[in-house]
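Asker: This is the structure alone, sequence omitted:
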């Protein structure tokens, strides 16, 4: 995984009363995968107060070169390259004008621990330009014991999950992940084990057994995080692998990245064109710590492996609408169609941009396709459940597919004129 190198790095320290320049010889690795490997035997206990004042606890300079690390001040410190949040080489982030370059570009990852907690500091390049903080970035962290064989080779994925079931961020990994953390600068944080069971929560004070994690954001783009060691076990003198990714938050989950043909501020328009009007999933992660841009592009495209996983109970080969723009006043309607590989319960809803349910086209109907090549089709005439014609605007056609314990949600935008 690593190419070991040794390099002399000059670092300037601001020591009280001593304008000294210190020379340090440090070991670092050129990482060939989008993850970092931390050897906790090279660190001692270091307490961090998760209070949003990150300068108090996180001392020590960054390495002199991008995509390298150093052990310093009882921390693991990784410097991630600027301007490498550009997608997988096929899709590009983002097109929505509300997004500011660098808001999901991780530049720094620090890790420390003490006798009770594991600590993270994650910094983004830029903060939200919106005074109301409407565009809130978020952090996705995967934790893997270096000796583990019990985890999953992906971070917990799946569109349409509720925040207690997963972060709804789809990305595959090259090794097994034991724990997944999703944290936003709105002080929301959750943690799941490899089975998808929520084991950590810092958002629900009514549940004392779960109110065991902390996250504090500074300037909307810097995160301090604490994870009780009681959840993952001791880390002292062990090696762990960590994945750190950047995304945006919506409803305490990763905000969807889809290339809707009708742009609205509610979506991070961009994504891979081949998925726009047909298939799911879509790329939700914008930047990964570690590796070169070339390697990162390859691994950011790993969400495709999740969709092609043959262990899933069913496949959605197509889910779409035609046309995207229509006029009920002219007695026009849209076709709503999908193709499936097997017996599936299907719900189709029409929602407005405030997520209010306008019409239920079908509700939990069991569909048995004649063939995976033949689409199942319904129509919508632009009316609500009371048969009133809806006013002009953009509406969302929501597909919900359920088979056993597996659930997939796809949404398409339609405009009434």
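Answerer: Received, thanks. Just so we're clear, the structure is a prediction, and the values are computed from it rather than from any experiment. Residues are numbered from 1 along each chain as shown.
Asker: CA atoms for contacts and neighbours, from now on please.
Answerer: Noted.
Asker: so is residue 329 in a helix, a strand, or just coil?
Answerer: helix (DSSP: H, G, I helix; E, B strand; the rest coil).
Asker: For it, report the pLDDT, please.
Answerer: Residue 329 carries a pLDDT value of 91.
Asker: Skip the chain neighbours and tell me the closest residue to it.
Answerer: Spatial nearest neighbour of residue 329, excluding adjacent residues (Cα to Cα, 6 or more residues apart in numbering): residue 389 at 7.7 Å.
Asker: Please apply the same query to residue 75.
Answerer: Nearest residue to residue 75, sequence neighbours excluded (Cα to Cα, 6+ apart): residue 112, at 4.9 Å.
Asker: just checking, next helix/strand downstream of the host helix or strand of residue 359?
Answerer: Using DSSP states H and E, residue 359 falls within strand 357-367. The helix or strand immediately downstream of strand 357-367 is strand 376-380, counting by DSSP H and E.
Asker: Going by neighbour count, which residues of the next helix or strand along the chain from that following strand are buried?
Answerer: Using DSSP H and E, the helix or strand that follows strand 376-380 in sequence is strand 393-403. By 16 or more other Cα atoms under 10 Å, the buried positions in strand 393-403 come out as 394, 395, 396, 397, 398, 399, 400, 401, 402, 403.
Asker: Nearest residue to the second one in space, please, no chain neighbours.
Answerer: This points to residue 395. residue 352 (4.8 Å).
Asker: Number of residues surrounding that neighbour?
Answerer: By other Cα atoms under 10 Å, 15 other residues sit near residue 352.
Asker: pretty sure it is in contact with residue 391, am I right?
Answerer: No: using Cα atoms under 8 Å as the test, residue 352 is too far from residue 391 to be in contact (10.8 Å).
Asker: show me where the protein has helices.
Answerer: Per DSSP state H, the chain carries helices over the ranges 229-232, 293-300, 303-307.
Asker: Could you export those to TSV, including columns for mean pLDDT and mean neighbour count?
Answerer: Below are the helices of the chain laid out as TSV (pLDDT from 0 to 100; neighbours: other Cα atoms under 10 Å):
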stretch	mean pLDDT	mean neighbour count
helix 229-232	93	15
helix 293-300	75	20
helix 303-307	59	18
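Asker: hmm, back to that, pairing partners for the strand holding residue 359, with directions?
Answerer: Its sheet considered, strand 357-367 pairs with strand 344-351 (antiparallel) by DSSP bridges.
Asker: Determine how far the strand it pairs with lies from the middle of the whole chain.
Answerer: 25 Å (Cα atoms, centre = their mean, to the nearest Å).
Asker: What of stretch 56-72?
Answerer: Taking the mean of its C-alpha atoms, stretch 56-72 sits 25 Å from the chain's own mean (Cα atoms, centre = their mean).
Asker: buried sites along it?
Answerer: 57, 58, 60, 62, 63, 66, 67, 68, 69, 70, 71, 72.
Asker: Between its first and last residues, how far does it reach?
Answerer: Terminal residues of stretch 56-72 lie 15 Å apart, using Cα to Cα, to the nearest Å.
Asker: The chain - how does it break down into domains?
Answerer: With domains defined by automatic domain parsing, the chain comprises 33-307, 316-416.
Asker: and those, which is most packed in?
Answerer: Stretch with highest mean neighbour count among those: domain 33-307 (a mean of 20; mean count of other Cα atoms under 10 Å).
Asker: give the contact list for residue 54.
Answerer: By Cα atoms under 8 Å, 6 or more residues apart in numbering, the residues touching residue 54 are 121, 218, 224.
Asker: ok, the first one - contacts?
Answerer: Residues in contact with residue 121 (Cα under 8 Å, 6+ apart) are 54, 108, 109, 110, 111, 222, 223, 224, 225.
Asker: Export those as CSV, with columns for pLDDT and distance to residue 145.
Answerer: Conversion of the contacts of residue 121 to CSV gives the following (pLDDT from 0 to 100; distance: Cα to Cα, whole Å):
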residue, pLDDT, distance to residue 145
54, 89, 27
108, 96, 22
109, 97, 18
110, 98, 18
111, 98, 15
222, 91, 26
223, 92, 23
224, 94, 22
225, 95, 19
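Asker: low pLDDT regions in the stretch 251-400 of the chain?
Answerer: Judged by pLDDT under 70, the stretch 251-400 of the chain has its weakly predicted residues at 257-283, 303-317, 371-373.
Asker: do the stretch 51-200 of the chain as well
Answerer: Across the stretch 51-200 of the chain, residues meeting the criterion (pLDDT under 70) sit at 87-97, 129-135, 147-149, 156-161.
Asker: residue ranges of the strands in it, please?
Answerer: Shown for the stretch 51-200 of the chain, the strands assigned by DSSP state E, counting those that start in this stretch span residues 68-72, 75-79, 106-113, 117-124, 137-145, 152-155, 171-177, 179-184, 188-193, 198-201.
Asker: Could you please name the strands the fourth one pairs with and the direction of each pair?
Answerer: Sheet pairing of strand 117-124 (DSSP bridges) gives strand 106-113 (antiparallel), strand 222-228 (antiparallel).
Asker: No further questions, thank you.
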